[in-house]
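*Asks:* what follows is a protein structure lacking sequence information:
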């Protein structure tokens, strides 16, 4: 089945620094990828929709200047958390759909970000 | 009213029991329904994907959709300790293209040996 590879799986960074998270679709092209955030014991909250070759669409309340999304190719989308603060500590997950398979959406393994 | 309602549990059952997980949704425009399993600190894993009312079976898992009552269920037969996870229901407006999913809150399941 479709696989979405997400890296890193775990990162600790100092407050004020930036962190980049990568998501790659393996063996399929993803013109659209979705980025989610998940707090402990909560469901997934959609942050933004990443479209290859165009600007991402952000959900209400998500700062686009803080969460930079780049989808430069059909298999790679990146989320950069800029000037990270402790309140940005969370679990970030990406998702994409292999349209050729006609199945549901495949998720990456997630990135646990801790800002100290 | 949230678009997708799901009892967060937690739900605890003995090994071998039949588990019933349920969600209701309010928007009749939702046409596609999915169940995901999420282990702690991992990304969600797709279990079932369906778009029509009725039952869909895959091994020990059966997904049931009743569009008339806007009710979706996941049944797990002969539950195993390895089934202990959080189960998320999700809906989408369309099966064509890539549309954002709407998730329930998730139900935490524990299967006790």
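*Replies:* In hand now; what should we look at? Small disclaimer: the values here were computed from a predicted structure and weren't measured.
*Asks:* interface residues of chain A facing chain B?
*Replies:* Counting by CB under 8 Å from any CB of the partner chain, the positions of chain A adjacent to chain B are A:4, A:6, A:30-32, A:34, A:41-44, A:46, A:49, A:91, A:93, A:95-97, A:99, A:102-110, A:112. C-beta: built from backbone N, CA, C; applies to glycine.
*Asks:* name the residues of chain B found near chain A, please.
*Replies:* Close to chain A, as judged by CB under 8 Å from any CB, chain B has residues B:8, B:32, B:34, B:36, B:41-46, B:49, B:88, B:90, B:95, B:97-98, B:100-101, B:103-106.
*Asks:* are any of those residues buried, and which?
*Replies:* The neighbour-count test (16 or more other CB atoms under 10 Å in any protein chain shown) marks B:32, B:34, B:36, B:42-44, B:46, B:49, B:88, B:90, B:98, B:100-101, B:103-106 as buried among these.
*Asks:* in helices only, show me those residues.
*Replies:* Taking DSSP state H, every one of those sits outside helices.
*Asks:* low pLDDT regions in chain B?
*Replies:* By pLDDT under 70, the weakly predicted segments of chain B are B:1, B:94-98.
*Asks:* please read the previous query as pertaining to chain A.
*Replies:* A:100-103.
*Asks:* could you give the number of residues near residue A:16?
*Replies:* 10 (other CB atoms under 10 Å in any protein chain shown).
*Asks:* give the contact list for the nearest residue to it once chain neighbours are set aside.
*Replies:* Nearest residue to residue A:16, sequence neighbours excluded (CB to CB, 6 or more residues apart in numbering or on different chains): residue A:83, at 5.7 Å. Residue A:83 sits next to A:16-18, A:66 when contact means CB atoms under 8 Å, 6 or more residues apart in numbering or on different chains.
*Asks:* and of those, the nearest to chain B?
*Replies:* Minimum distance to chain B across these is 20.3 Å, recorded for residue A:66 (CB to the nearest CB).
*Asks:* residues touching that closest one, list them.
*Replies:* Taking CB under 8 Å, 6+ apart as the test, what residue A:66 contacts is A:81-83, A:88.
*Asks:* buried ones among these?
*Replies:* Looks like the contacts of residue A:66 have A:81, A:88 buried, using 16+ other CB under 10 Å.
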